[in-house]
Every structure is written in structure tokens, then in C-alpha cells.
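Trainee: Pasting the sequence and the predicted model now:
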Amino acid sequence: MFYKILNTKTGLYSKGGLSAITDDSWAWSKDGKVWRNKRALMLHLAQFKDGSGGPGIPEHWLVVSFKTVEAGPRVPARQFA
């Protein structure tokens, strides 16, 4: 699984970092950052939790999970070189 953080107010994904909390447009994009495992995402979100000195995780943030599946034919790597 891969994970992204979606800002439901803007429809954009977080690029990571603490500046995302401000909803500044430069901290969000249509592609955003991909967290490659749940632990990495949890560590990132922990920076924003109440009690950690952070402002709290905004209610308009959603965690979106993506499952990757093999699609299409397998092609020799030399064709891409």
C-alpha cells in the first residue's frame, strides 16, 4: 500500500513537511507526496498531533491509500533503454 494526504478543502495532496498545516498552496499539489508505508505516514502525522507541540491534525485532511497491481504486459527492459 501507498498513502497520500488529501486536503478536502482544496482537492490537493500534501507535499509533506510541517508547512502543510498552513494550507499554503505551495505545500499542496495535484500529485503530492507518496508515503511508501503506514509507519512513515504515522510518523509524519505524529508531528501535528495535539500534545506533541503541534496544532492538531485538521479534520479536512484524509488519508488516501493506494494499492498497486501489475497491469499490462511485461516488456523486456532493453526496450526502455
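Mentor: Noted; the coordinates are in hand.
Trainee: which residues touch the spatially most central residue of the chain?
Mentor: Nearest to the geometric centre of the chain sits K4, at 2.4 Å (CA atoms, centre = their mean). Contacts for K4 were tallied using CB atoms under 8 Å, 6 or more residues apart in numbering; they are Y13, S14, G32, K33, V34, W35, V63, V64, F66. In this view, the C-beta of every residue, glycine as well, is placed from N, C-alpha and C.
Trainee: Report the secondary structure element holding the residue nearest to S14 when sequence neighbours are not counted.
Mentor: The shortest distance from S14 to any non-neighbouring residue, by CB to CB, 6 or more residues apart in numbering, is to I5 (4.0 Å). In the assignment (DSSP states H and E), I5 maps to strand 2-7.
Trainee: Please apply the same query to V64.
Mentor: Secondary structure (DSSP H and E) places V64 in strand 61-66.
Trainee: Give the pairing partners of that strand; include direction for each.
Mentor: Taking DSSP bridges as the criterion, strand 61-66 pairs within the sheet with strand 2-7 (antiparallel).
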